[in-house]
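Student: coords please:
(chains A and B)
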Amino acid sequence: MKYSKFQLREIEIIKREYKDILGDDIKLLDEEDGLEKLSKICMSKLKKIDV
Amino acid sequence: MFDNIILKKYLTNEKRISHSISTAMFMKKYAIFFDIDPEKAYFAGLYHDIAKEMPIEDVIKLAKNFKNRDIFEIKYFDFKVNNPVLLHGVAAAEILIKEYNITDREILISICQHTTGGVNLPRLAQWTYLADYCEPLRKYSDSMKIRKIITKEKNFYKAYYYSYNYILSHLLDKNKLICAEAIDGYNEALQLYENSII
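Tutor: Prediction:
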C-alpha cells in the first residue's frame, strides 16, 4: 500500500511524537505497509494488560 | 484475549485508525504525569472510536443494550438517541463487553463519556475526553494550544477546562445542539481548574 501525502505527514508526526514509545518498531513505519504493521503492534501490546 | 483485527474489524477509515493509534500513544506517553495508569490509558485511546463508522441504528441498539446492563447511568439518554453521534462511545463500550469481555469500570466510563464529558468522572475518563481533542494528529489551532498545556505546562485541569471551552465554543459557532451533560462537565471543569490554581 502506498501512502498518500496526507498519510505520510501523519506517519512523520507519529514517528516524531512517539519515538520513545515505539522504540525499534519505529523502523516499521518506513516500510510500505508500516501503518498496518503499527496497528498490529499496538494491539499486540494490549495482551500485556489485564482488563 | 485480543486478536489483532479488532480495529480493522470496526474501522476502515485510515485517518480514524491513525487517530486511534495516536490517541492511544499520546495518552500513554503523558499518563504518568497525571497519575493515570498508562496501559489503561493506551487501551481507552485505542478503542474509543470503534463504533464511529457503524450505521446509526446499530449504534443506538448497542447503546440501549449497554444502558440495560445498568453498570452506571447513561445520562440524557433520550437526547443522545435523538443525536446518536453522541452514543458511539456507549456503543463501543458494549462491543468491548460483548465481544472482548472487558469489565474494567474506569475504561468503560472513559469510552462511554468521551463524546460529551460529564461530571464526577474518573481521571482516566477526563484524560480520554481531552486527549481525543488534542492528540498530535489533530490540527485545529485550539487543539494545539491544549496540547501545549499538556506537554509543556503539564497542567491537567487547565487543559481539561479548555477542552470543554473550545469544544462548546465550536458547537455554539456552528449553531449545533449541546448535550446538557457537556455543560455540566464544563461547569465542573472550570471549578476544578479554579481550585487547582488557588
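Student: I'd guessed residue B:115 sits against residue B:93; true?
Tutor: No. Using CB atoms under 8 Å, residue B:115 is not in contact with residue B:93, being 11.4 Å away. From N, CA and C alone the C-beta is placed, and that goes for glycine too.
Student: Settle it for me: which of these two has more neighbours?
Tutor: residue B:93 (30 against 24; other CB atoms under 10 Å in any protein chain shown).
Student: what about that one, distance to chain A?
Tutor: Distance, residue B:93 to chain A, using CB to the nearest CB, to the nearest Å: 12 Å.
Student: Please enumerate the strands of chain B.
Tutor: All residues of chain B lie outside strands when identified by DSSP state E.
Student: Any regions of it where pLDDT drops low?
Tutor: Scanning chain B with the threshold set as pLDDT under 70 gives B:1-6.
Student: and stretch B:52-68, how far out from the chain's middle?
Tutor: With CA atoms, centre = their mean, to the nearest Å as the basis, stretch B:52-68 stands 16 Å off its chain's centre.
Student: Let me fix that, I meant to ask about stretch B:134-150.
Tutor: Distance of stretch B:134-150 from the chain centroid (CA atoms, centre = their mean) equals 15 Å.
Student: end-to-end on that stretch?
Tutor: Terminal residues of stretch B:134-150 lie 9 Å apart, using CA to CA, to the nearest Å.
Student: what about it, near chain A?
Tutor: Yes. Contact of stretch B:134-150 with chain A (CB under 8 Å from any CB of the partner chain) involves B:136, B:137.
Student: thought residue B:189 was touching residue B:161?
Tutor: Yes. Using CB under 8 Å as the test, residue B:189 is close enough to residue B:161 to be in contact (4.3 Å).
Student: so who does the residue positioned nearest the centre of chain B touch?
Tutor: Closest to where the C-alpha atoms of chain B average out (CA atoms, centre = their mean) is residue B:114, at 2.0 Å. By CB atoms under 8 Å, 6 or more residues apart in numbering or on different chains, the contact list for residue B:114 reads B:44, B:48, B:89, B:125, B:128, B:129, B:132.
Student: Tally up the residues packed near the residue lying closest to the fifth one once chain neighbours are set aside, please.
Tutor: Spelled out, that is residue B:128. Distance criterion CB to CB, 6 or more residues apart in numbering or on different chains; nearest residue to residue B:128, sequence neighbours excluded, is residue B:110 at 4.2 Å. Residue B:110: 30 surrounding residues under other CB under 10 Å.
Student: Ok, residue B:125 next?
Tutor: 23.
Student: how about the helix or strand where residue A:22 lies, does it reach chain B?
Tutor: Residue A:22 is part of helix A:19-22 when elements are defined by DSSP states H and E. Yes. Judged by CB under 8 Å from any CB, helix A:19-22 and chain B are in contact via A:20, A:21, A:22.
Student: what's the distance between that helix and the middle of its chain?
Tutor: Between the centre of helix A:19-22 and the centre of its chain there are 10 Å (CA atoms, centre = their mean).
Student: and that helix, C-alpha only, in CSV?
Tutor: In CSV, the C-alpha atoms belonging to helix A:19-22 read as follows (Å, rounded to 0.1, in the frame of the first residue of the first chain):
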residue,chain,number,x,y,z
LYS,A,19,9.8,7.5,19.1
ASP,A,20,10.2,6.8,22.8
ILE,A,21,7.2,4.5,22.9
LEU,A,22,7.8,2.9,19.6
